[in-house]
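Asker: Turn this into a structure:
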Amino acid sequence: MHRLKIPALKARVLKTIGRPVCLALLAFAAAGCQMPPTKQAFPALTYAHKGQIAFNVGRIEVVSRYISPMQAPNVEHLAPVPPAQALMQWGHDRLRADGGPGLVRFTVTEAKIVDVPLPIEGGVRGSFTRQQSDRFVETLAAEIAVLDDQGNQKGFVRASTERSRTVAEGTPPAERDKVLFELTEAAMNDMDANLEQAIRAHLARFVQPQ
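Answerer: Okay, here's the model as predicted:
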């Protein structure tokens with residue numbers, strides 16, 4: 001009588017059932033190691049190419065008084081380039097201290113984007129139409145003050161702008177990011193023109209002639 005070799009039988013059974021189990025485990029591990037989709041990259045908003053405005057002061061200060069609530073309906077903190085960041089970049093890029101007493105203080109006072117829900121039409125017509133569901137409203141404002149060494153204000157200007165864009169219902173996140181970026185880019189182009197015009201009109205005595 002031959003004895004059944006239990007270890008060998010056990011090994012054959014494990015070998016038979018082990019392959020699909022191992023494949024399943026490998027597939028699960030591969031799925032778990034997949035990298036999440038990368039966010040769309042956007043160019044930096046810079047303004048040095050516009051040229052610098054040289055003030056007869058010792059230094060330039062760039063600050064922000066705007067504090068985002070970081071919750072709905074505000075969405076500026078979700079934008080690829082937060083508006084406050086773009087405004088401060090403008091101050092660093094375009095304002096220059098050319099020497100002299102005092103300072104120029106550039107202050108961001110408003111830099112918000114608000115998501116305003118739009119009414120959606122119901123019924124048969126609404127169900128067959130891709131409607132505009134949200135309006136993003138961006139409001140920017142900044143101040144420029146010229147101060148002497150004692151902190152007395154010698155000159156002051158303020159500029160602001162407001163722009164808006166709508167998006168359709170079901171717009172994917174990547175497309176919404178693109179809309180927010182383009183909205184900030186357009187609003188900042190407005191601010192660039194408005195601030196330079198205000199400086200030339202009301203602070204010319206503190207600025208080096210071009």
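Asker: for stretch 66-85, which positions count as buried?
Answerer: By neighbour count on 16 or more other Cβ atoms under 10 Å, the buried set for stretch 66-85 is 66, 68, 75-76, 78-85. Every C-beta, even on glycine, is put in place using the N, C-alpha and C of the backbone.
Asker: Pull the most distant pair out of those.
Answerer: Using Cβ to Cβ, the two most remote members of the buried residues of stretch 66-85 are 66 and 80, lying 17.9 Å apart.
Asker: Reduced to three states, what does the residue nearest to the spatial centre of the chain come out as?
Answerer: The centroid of the chain falls nearest to residue 81 when counting by Cα atoms, centre = their mean (2.2 Å). Secondary structure, DSSP: H, G, I helix; E, B strand; the rest coil: residue 81 is coil.
Asker: From residue 106, how far off is it?
Answerer: Between residue 81 and residue 106 the computed distance is 18 Å (Cβ to Cβ, to the nearest Å).
Asker: next one: residue 176
Answerer: Residue 176 sits 30 Å away from residue 106, going by Cβ to Cβ.
Asker: now do the same end-to-end measure for stretch 167-180.
Answerer: From its first residue to its last, stretch 167-180 covers 10 Å (Cα to Cα, to the nearest Å).
Asker: who's in contact with that stretch?
Answerer: Around stretch 167-180, the neighbours that count as contacts under Cβ atoms under 8 Å, 6 or more residues apart in numbering are 39-40, 42, 75, 78-80, 113, 120, 130-134, 136, 165.
Asker: quick one: which of those is nearest to residue 187?
Answerer: residue 113 (9.0 Å).
Asker: what bridges to the closest one?
Answerer: residue 138 (DSSP bridges).
Asker: mind listing what it touches?
Answerer: Counting by Cβ under 8 Å, 6+ apart, residue 113 makes contact with 74-76, 79, 83, 136-139, 180, 183-184.
Asker: switch to 10 Å and redo it
Answerer: For residue 113, the contacting residues are 68, 73-79, 82-83, 136-140, 163-165, 180, 183-184, 187, by Cβ atoms under 10 Å, 6 or more residues apart in numbering.
Asker: Just those residues: which are in helices?
Answerer: 83, 180, 183-184, 187 (DSSP state H).
Asker: Using TSV, lay out those together with distance to residue 54.
Answerer: Listed next are these as TSV, based on distance: Cβ to Cβ, whole Å:
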residue	distance to residue 54
83	26
180	33
183	31
184	27
187	26
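Asker: ok, back up a step: which one in the contacts of stretch 167-180 is the model shakiest on?
Answerer: Note: of the contacts of stretch 167-180, the lowest pLDDT belongs to residue 39, at 69.
Asker: How is this protein partitioned into domains?
Answerer: 1-34, 45-206 (automatic domain parsing).
Asker: Out of the contacts of stretch 167-180, name the two that are farthest from one another.
Answerer: Within those, 42 and 120 form the most distant pair, 29.1 Å apart (Cβ to Cβ).
Asker: residue ranges with poor pLDDT in the protein?
Answerer: 1-39, 123-128 (pLDDT under 70).
Asker: got the residue ranges for the helices in this protein?
Answerer: 6-33, 83-94, 123-127, 173-202.
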